[in-house]
Structures are given as structure tokens and as C-alpha cells.
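Visitor: turn this into a model:
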Amino acid sequence: MSPLQTLIDDNVRLLEQGLTVLEGMQPTLYAKAEPSVGLSGAGCHFRHMLDFYDRFFEGLLEERIDYDRRERDPALEADPAAAAAKILSTIGRMKELDGASWAPALLVKADAEGAQPEETPWAGSTVERELQVLMSHTVHHYALIAVALRMNAYAFDKEFGVAPSTLRYWQEQRACAR
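Guide: Numbering: from 1, shown residues only. Purely as a prediction, here's the structure:
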């Protein structure tokens, strides 16, 4: 399997984890703000994470990914069904990446601390690197979602929001304990 296909599959698996967590979630819980996690509940984090995937796909066409030009659709923050539909769409787009052609190099931009948007520099990247960034970003927001949901006694898989390297470490520790 190619490195690109591996990264595509890994992103798809992460997105599918999000779908599983959303199954049966009530809109009131999904949209509920949690002050202890920065006033953002699950919905805000799902929306933010999905915005990054949108910017990635749109930027591929332009060969310039600007993660700060997000749409911030309020429906994705309020409605778990809308988020689930968006995740399914994102999975479809992700699966179409294999075999697609694009520039070998991309330019990427995200706000720098204290800089005005027009001052933020563009940096070089690749599709593969940006797929790694999306995975890390998604796990990070899943971890925040997990905290918000645990605070509300919502049950989900204990591996949700845990980095793959941490999951491997846990497995190694369990194997050593045997």
C-alpha cells in the first residue's frame, strides 16, 4: 500500500470514529457549551475539525491551503445529523484522493500569533504532510470533544480522542504486563 493510501485510510478511520460518537447524540448535548473546555462543546469542535478538511480539499484545487478561511457553518455546531452528513461527505472526498493528480508541492497558511492575516507567511508542504496534519488536528479536537462528553456522562469508545501512538503504547504496556 502506498504512503498516500495509508494516510487516506487513517483519515477515513478517524472520521468514522466521529460518526460512531455522533450516533444517537441529542442536539442539546451536541451543542452544549462546556466552560471548562473553553466554552466549546462537541458541536463547535466537530465543526472546526470539519472546516479544516474543507479548506484542505478546496486548497488542493488552488495549490494553496489557507486554513484561516474557514466557513464556520453554525448548522454544523448545532446539529449532530448535519455533522454526520458532512463527515460522510468528507469521507467520500477523502476516498477520491487516491489516484487523483495535484501539484507535488503546496503552499499552506495558518495565522501566526500576533500577525495580521495578510502578514502570515505561506509555507511549503505536500498532500501527504497535510493529511498527517489533519489526522493530528482531528485527534486533538476529538480529545476535547471526549472531555466535554465525559462531563455529561455520554458513553463512547475509550479510544476516541486518543492518538494512534498512545494507543500503540497502551497495547505494548498491556503486552509487557502479561
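
Visitor: and the helices in the chain?
Guide: Assigned by DSSP state H, the chain shows helices spanning 3-22, 27-31, 42-62, 74-78, 80-95, 127-150, 164-177.

Visitor: nearest to Glu119, of the ones you listed?
Guide: With distances scored as Cβ to Cβ, the stretch of the helices of the chain nearest to Glu119 is helix 42-62 (19.1 Å). All C-beta atoms are positioned from the backbone trio N, CA, C, and that covers glycine.

Visitor: need the helices of the chain in CSV (columns: mean neighbour count).
Guide: Below are the helices of the chain laid out as CSV (neighbours: other Cβ atoms under 10 Å):
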stretch, mean neighbour count
helix 3-22, 17
helix 27-31, 16
helix 42-62, 21
helix 74-78, 17
helix 80-95, 18
helix 127-150, 19
helix 164-177, 10
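
Visitor: let me have those helices in a markdown table, adding distance to Val108 and mean pLDDT as columns.
Guide: Written out in a markdown table, the entries for the helices of the chain read as follows (distance: least, Cβ to Cβ, whole Å; pLDDT from 0 to 100):
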| stretch | distance to Val108 | mean pLDDT |
| --- | --- | --- |
| helix 3-22 | 16 | 95 |
| helix 27-31 | 30 | 96 |
| helix 42-62 | 7 | 95 |
| helix 74-78 | 23 | 96 |
| helix 80-95 | 18 | 97 |
| helix 127-150 | 7 | 95 |
| helix 164-177 | 22 | 87 |
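
Visitor: format the ones you listed as TSV; extra columns: distance to Trp102.
Guide: As requested, those are arranged in TSV below (distance: least, Cβ to Cβ, whole Å):
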stretch	distance to Trp102
helix 3-22	11
helix 27-31	34
helix 42-62	5
helix 74-78	26
helix 80-95	13
helix 127-150	6
helix 164-177	25
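
Visitor: any idea how far the residue most central in space within the chain is from Pro121?
Guide: With distances taken as Cα atoms, centre = their mean, Thr138 lies nearest the centre of the chain, 2.8 Å away. Taking Cβ to Cβ, to the nearest Å as the measure, Thr138 and Pro121 are separated by 25 Å.

Visitor: again with Leu50
Guide: Leu50 sits 26 Å away from Pro121 when distances are taken as Cβ to Cβ.

Visitor: and what of Phe57?
Guide: The gap separating Phe57 from Pro121 is 22 Å, by Cβ to Cβ.

Visitor: list the contacts of Leu167.
Guide: Glu159 (Cβ atoms under 8 Å, 6 or more residues apart in numbering).
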